[in-house]
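Engineer: just need the structure, nothing else, for what follows:
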Amino acid sequence: MQIRCTQIGNHSQQINVVCIEKDCQNLRICCPSCIFQHAHHLLSLISLERLNEWIKQRMETIFVIQNSISEFKLELNDIINLNTKQLLEIGDSRIEVLIKGFWKFDDFVRLQFSLLQSSIYNIRQIVKDVTTCFKDNILQQQSFNYPKGLLNPQIQDIKFKDFNQPMPQIVHNRDQCRAIAMNKDCSIVLGGYDQYIKVFEHKIGKLKQIQLLNEHSSNVITLNFMKKSNHFISGSCDKIIIIWQMNQINQWVYLQKLIGHDSSIFCLLINKNEDLIISGSQDKSIKFWQKQDKWQYSQSITDHIDIVRSLSLNEGQDKLISCSDDQFILIIQQSLKDKIWSVVQKIQVDYQGFRLCFIDENLFTFQPYCKQQMYVYEMNRNTKLYWKIQDIKVNCGSKNCSLFPQQYIKSKGILVNKNGKFINFMRKKENGEFLNEFSIQFEVDEIFGQLSDDGKYLITWDSYSREIKITNYKNL
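Structural biologist: Residues are numbered from 1 along each chain as shown. Predicted coordinates:
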């Protein structure tokens, strides 16, 4: 059965979309012409046929909670079964932690349980009402609420500028994610959750956690896959860079730790040959690490006087750009003779920046801190110096930028530029100018993510939903 949209404006199109955004103020179900009412949360639009799957995912959360509680009860039985003498042998410090832990647990239960009961009651009432409506055949008299098309949908996938939104993936609802990476064939996704790295298997928009890595002792800030080898690198607030490899039983294990920075690692790069790692840190330095028999420290650039936020290598792999909280962009070049890197230009900017990216040998982009313009710099062919040639209007809507590297997909001519609450998708035209094609707005500015190398998948995590979401772009 096809249900037509009756919104004002003569839409009269088949309803095929539902909005699952938490605080959406518009009608939840709509036709393609209604999509623009949800422009600020396009990631929350799904086809009607996927609504059941979304509900099932929420049910899976209940099962996870049930299993966790059951395991917790079994572990508590081990304490209950101890006699008095054994309890004394535990020691005062452990008993202190145990008692305080239970008090915190009691406080949490008292605070949250009433809210949980209220939510359960409201959902049960809705389910009861829906069931009654179907039994009484009332739905045939209604034009919008709960159409029969939900039972046996014949619906095409929602498309908006070749945009296909699969189900959001609920990966974790508590830990803070600060870095995301996807490997070359999009089969593995990494998430930096506090000091842990979660490894997920990715199949057609669905994620399954397969491993938890815990070699870091503080927040993981940056993750980068290598393209030629089965390795990835991670940087953390513990000042350490770790190189990881997959062993013979398909488990990720650390290969080597690079120690040399005096503070948090904020950005990492790997060159195309995968024999050079470049790192930027809160200690204001940029360090170069070369691979010989093992990875080892090579040299440092110390011209920045504040946190190094972002790095980018050119296509020729002999020129590096960096931005910092000191309001300078450094142009760093490798000499042909001795292969030493040195600063050849310093560009002073009016605002600090968190991200920049080479577009080609002569062009790079820079996003000033939460400004509604992105700067474009071009190299003068005579002086070989870079100058700002263009300001491009971009969306922002916030005063916090968070880490989310700029990324240019050369094969698609697409630049991904996160700014405040927005992820801006910009296309490079044949004349070299950039056009802001569209933006995705989130509820918050704390967003981390990456576009896959082929431009097919956008993977994001935000602190509002606390979910990893994978978006499939069919013809970006």
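Engineer: the stretch 1-150 of the chain: helices as residue ranges?
Structural biologist: Assigned by DSSP state H, counting those that start in this stretch, the helices in the stretch 1-150 of the chain fall at 51-80, 84-90, 92-135.
Engineer: avg pLDDT for the longest one?
Structural biologist: Going back to what we said before, that points to helix 92-135. Average pLDDT, helix 92-135: 69.
Engineer: do the same with stretch 289-300
Structural biologist: Mean predicted lDDT for stretch 289-300 stands at 96.
Engineer: then stretch 343-359?
Structural biologist: Here the average pLDDT along stretch 343-359 is 95.
Engineer: any buried residues in it, and which?
Structural biologist: 343, 347, 349, 352-359 (16 or more other Cβ atoms under 10 Å). Where you see a C-beta, it was placed from the backbone N, CA and C, and this is true even at glycine.
Engineer: roughly how far out does that stretch sit from the chain middle?
Structural biologist: Distance of stretch 343-359 from its chain centroid, counting by Cα atoms, centre = their mean, to the nearest Å, is 24 Å.
Engineer: buried residues of stretch 317-333, list them for me.
Structural biologist: Across stretch 317-333, burial judged by 16+ other Cβ under 10 Å covers 318-333.
Engineer: mind checking which of those are in strands?
Structural biologist: Mapping the buried residues of stretch 317-333 onto strands (DSSP state E) picks out 319-324, 328-333.
Engineer: need those residues in CSV (columns: distance to residue 380).
Structural biologist: Converted to CSV, these look like this (distance: Cβ to Cβ, whole Å):
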residue, distance to residue 380
319, 15
320, 19
321, 16
322, 20
323, 20
324, 23
328, 19
329, 15
330, 17
331, 12
332, 18
333, 15
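Engineer: so which of those residues is the closest to residue 41?
Structural biologist: The shortest approach to residue 41 among those belongs to residue 323, at 29.9 Å (Cβ to Cβ).
Engineer: give the contact list for the closest one.
Structural biologist: By Cβ atoms under 8 Å, 6 or more residues apart in numbering, residue 323 lies in contact with 308-310, 329-330, 349, 352-356, 366.
Engineer: is the closest residue to it other than its chain neighbours in a bridge, and if so with what?
Structural biologist: For residue 323, ignoring the flanking residues on the chain, the nearest one in space by Cβ to Cβ, 6 or more residues apart in numbering is residue 353 at 4.3 Å. With DSSP bridges applied, residue 353 shows beta-bridge pairing to residue 368.
Engineer: same deal with residue 341?
Structural biologist: Taking DSSP bridges as the rule, residue 341 bridges to residue 334.
Engineer: any idea how many residues pack against it?
Structural biologist: By other Cβ atoms under 10 Å, the residues close to residue 341 number 20.
Engineer: next up, the contacts around it.
Structural biologist: Contacts for residue 341 (Cβ under 8 Å, 6+ apart) come out as 288, 299, 301, 320, 332-335.
Engineer: same thing but at 10 Å, please
Structural biologist: Going by Cβ atoms under 10 Å, 6 or more residues apart in numbering, residue 341 touches 276, 278, 286, 288, 298-301, 318-320, 332-335.
Engineer: got it, and residue 433?
Structural biologist: If a contact means Cβ under 10 Å, 6+ apart, then residue 433 has 376, 389-390, 392, 427 as its contacts.
Engineer: and residue 62, by the same measure?
Structural biologist: Residue 62 neighbours (Cβ under 10 Å, 6+ apart): residue 120.
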